[in-house]
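Student: need a structure here:
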Amino acid sequence: MGRLDDRVALVTGAASGIGKATAWRLAAEGAAVLVTDIQTDAGEALAEALRDSGARAVFVRHDVASEADWETACARAAEEFGGLDILVNNAGMGDLASIEDTTLKDWQHTIDVDQTGVFLGMRTAAPYLKASGHASVINISSIFGISGGFGTSPAYHAAKGAVRTLTKNAALHWATEGIRVNSIHPGFIDTPILDQARGTPFWDVMTQLTPMGRLGRPDEIAAGVAYLASDDASFVTGLELDIDGGYLAR
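Tutor: Numbering: from 1, shown residues only. Below you'll find the predicted structure:
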């Protein structure tokens, strides 16, 4: 028996990295998983691999900045699996530009994906989650939603900081309605997005800044998601769960 038997999860940005590890972990815990991403081929491949493993899984192409795509994704979860119990707002993007070099267009695009996408997800999923009776929302923020990082990526920091407080706001709003809302703040995680930094001085900097002396693994974030999604966290809402190798303890 898994902790998430008979529950339905929607995971955004699930085609790779943290989202992919999360989809596998939630499926292993017994959940049916709606895999969503803008990467169609990789998303379809993941859903097929999950089904081949015996899990219930379906892929939906999903731009999290689109209201229509959110409506389609949530309706598909209900159509395929009978409802929605777990929402993992994982999809995100960023860059390394400074304030002076960030164009308004780039700023808005990052805000649309990293911040507005989380808002749209919670708003659209609300009626489905309320019907669950034991719903859990996990918003993936970042250590850079709490700290100033390297003084770059202002849109990313602004959006992830907003996700941090939006999570608390929603947690209070839904505290008596059977919906728990928590955020996870990953540190430097070894995902494909960092492949270009592998073997460079920046990789060494990330390692040196992490007290545990290594980068985290996607499955270590997924383990935190599984905990917050489960009844093991039944009295946990509004939490910031830092999974960062000690970065924020400095």
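Student: Which other helices and strands does the longest helix along the chain contact?
Tutor: Once the chain is assigned using DSSP state H, the helix that runs over the most residues is helix 154-173. When contacts are defined as 3 or more Cβ pairs under 8 Å, 6 or more residues apart in numbering; DSSP states H and E, helix 154-173 packs onto helix 104-111, helix 117-132, strand 135-140, strand 179-186. No exception for glycine: its C-beta is placed from N, CA and C like everyone else's.
Student: now do 6 Å
Tutor: helix 104-111, strand 179-186 (3 or more Cβ pairs under 6 Å, 6 or more residues apart in numbering; DSSP states H and E).
Student: and Ala135, which of those is closest to it?
Tutor: Proximity to Ala135 (Cβ to Cβ) singles out strand 179-186 among the helices and strands packed on helix 154-173, at 4.3 Å.
Student: Measure how far the helix or strand of the chain with the lowest mean pLDDT is from the centre of its chain, please.
Tutor: Lowest by mean pLDDT, DSSP states H and E among the helices and strands of the chain is helix 201-209, with a mean of 93. Here helix 201-209 shows a centroid-to-chain-centroid distance of 24 Å under the convention Cα atoms, centre = their mean, to the nearest Å.
Student: which residues are contacting it?
Tutor: 188, 197 (Cβ atoms under 6 Å, 6 or more residues apart in numbering).
Student: How about stretch 177-184?
Tutor: Residues contacting stretch 177-184 (Cβ under 6 Å, 6+ apart): 129-130, 133, 135-141, 164, 167, 170-171, 224, 228, 237, 239-241.
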